[in-house]
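>>> dropping a prediction and its sequence here:
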Amino acid sequence: MERRSLRFGGFAAAGVIAISLALTGCSSPTPEENVSQACTEAEALATAVEDFRTALTAESTVEEVRSARDAVVDAYETLMAEAQDVAQDRMDDLEASVMEFRSAVDDVPEDTALPDAVEDLRSEASDVGSSLDDLESDLTC
């Protein structure tokens, strides 16, 4: 009988050690780490928006514009994942401007001469940039 309790005690101790190691390895990021990562992703989104503006010329094809749009949306989605609890009101504003931006690019018909849409698309990209600036200001990036 004594042997079983020692054996069980050994397994219990090993289990406690394994659980404590697992819990320390899975600690959540600090608020400072959350802000730092959100700032990094905000910078990536700013770069994607600037790349969109640069790529948007009268000679651009609709496919090129949509590809650049996809890069902006991907960077935005990564930022949203990293900044879930940081500056929620600003995130909501940014989400609205990105959705309007996405729709504006989607609404450009395949057979449209892109020069006709360039100014509207630049305006939408600028709105995303403004919302992003507001978010970065709140994060103190």
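Structure's in. What do you need?
>>> roughly how far apart are residue 77 and residue 104?
For residue 77, the distance to residue 104 (Cβ to Cβ, to the nearest Å) stands at 18 Å. The C-beta positions use only the backbone N, C-alpha and C, and glycine is treated the same way.
>>> more neighbours: which of the two?
Higher neighbour count among residue 77 and residue 104: residue 104, with 17 against 13, using other Cβ atoms under 10 Å.
>>> skipping its backbone neighbours, what lies nearest the more buried one in space?
residue 124 (4.3 Å; Cβ to Cβ, 6 or more residues apart in numbering).
>>> share the number of residues neighbouring that neighbour, please.
Neighbour count for residue 124, taken as other Cβ under 10 Å: 22.
>>> restricting to C-alpha, output the host helix or strand of it in CSV.
Taking DSSP states H and E as the criterion, residue 124 maps to helix 118-139. Output in CSV follows, covering the C-alpha atoms of helix 118-139 (Å, rounded to 0.1, in the frame of the first residue of the first chain):
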residue,chain,number,x,y,z
VAL,A,118,-7.7,57.9,-59.2
GLU,A,119,-8.8,60.9,-57.2
ASP,A,120,-11.6,59.1,-55.4
LEU,A,121,-9.3,56.2,-54.6
ARG,A,122,-6.6,58.6,-53.3
SER,A,123,-9.2,60.2,-51.1
GLU,A,124,-10.2,56.9,-49.6
ALA,A,125,-6.6,56.0,-49.0
SER,A,126,-6.1,59.4,-47.3
ASP,A,127,-9.0,58.7,-45.0
VAL,A,128,-7.4,55.4,-44.0
GLY,A,129,-4.2,57.3,-43.4
SER,A,130,-5.9,59.8,-41.2
SER,A,131,-7.7,57.2,-39.1
LEU,A,132,-4.4,55.4,-38.7
ASP,A,133,-2.7,58.6,-37.6
ASP,A,134,-5.4,59.0,-34.9
LEU,A,135,-4.8,55.5,-33.7
GLU,A,136,-1.0,55.9,-33.6
SER,A,137,-1.5,59.1,-31.7
ASP,A,138,-3.6,57.3,-29.1
LEU,A,139,-1.1,54.5,-28.9
